[in-house]
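Chemist: structure of the sequence below:
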Amino acid sequence: MDLVEKGIEFEQRKISLKTTNERIVASKEVKSLILGINEIYKKTKNPDLMDIMKRLTVIKRKIEKRLKLQITI
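Modeler: The predicted model follows:
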């Protein structure tokens, strides 16, 4: 359950992604958390894990949207 705790901590953390590098690191971190929690979810089918993954995915999409804006300018 260490991944679940890290996921909740990441979700509650105040994220100030001012540089592109910070956004890339945060995106990779949240992606690894989602994939790890997904492996646990496949075994247990716990609906709470699915809720955590959905919330983390929303955060990840926001980060990646800002990354794509930076690259296209």
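
Chemist: please report the distance of the residue positioned nearest the centre of the chain from residue 24.
Modeler: Geometric centre of the chain, nearest residue: residue 30, 2.7 Å, by C-alpha atoms, centre = their mean. Distance from residue 30 to residue 24, counting by C-beta to C-beta, to the nearest Å: 11 Å. (Each C-beta comes from the backbone N, C-alpha and C, glycine too.)

Chemist: low pLDDT regions in the protein?
Modeler: Within the chain, the stretches with pLDDT under 70 are 1, 69-73.

Chemist: about what we covered before: not counting its neighbours along the chain, what's nearest the residue nearest to the centre of the chain?
Modeler: In space, and not counting its chain neighbours, residue 30 is closest to residue 60: 4.6 Å by C-beta to C-beta, 6 or more residues apart in numbering.

Chemist: now do the contacts for that neighbour.
Modeler: Contact analysis of residue 60 by C-beta atoms under 8 Å, 6 or more residues apart in numbering lists 27, 30-31, 34.

Chemist: who wins for most neighbours among these?
Modeler: Most neighbours among these, by other C-beta atoms under 10 Å: residue 30, with 22 neighbours.

Chemist: wait, what's in contact with the closest residue to residue 46 other than its chain neighbours?
Modeler: Of all residues not flanking residue 46 in the chain, residue 40 sits nearest, at 7.8 Å (C-beta to C-beta, 6+ apart). Listed by C-beta under 8 Å, 6+ apart, the contact partners of residue 40 are 3-4, 46, 49.

Chemist: now secondary structure too, for the residues you listed, in a markdown table please.
Modeler: Output for these, formatted as a markdown table (DSSP: H, G, I helix; E, B strand; the rest coil):
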| residue | secondary structure |
| --- | --- |
| 3 | helix |
| 4 | helix |
| 46 | coil |
| 49 | helix |
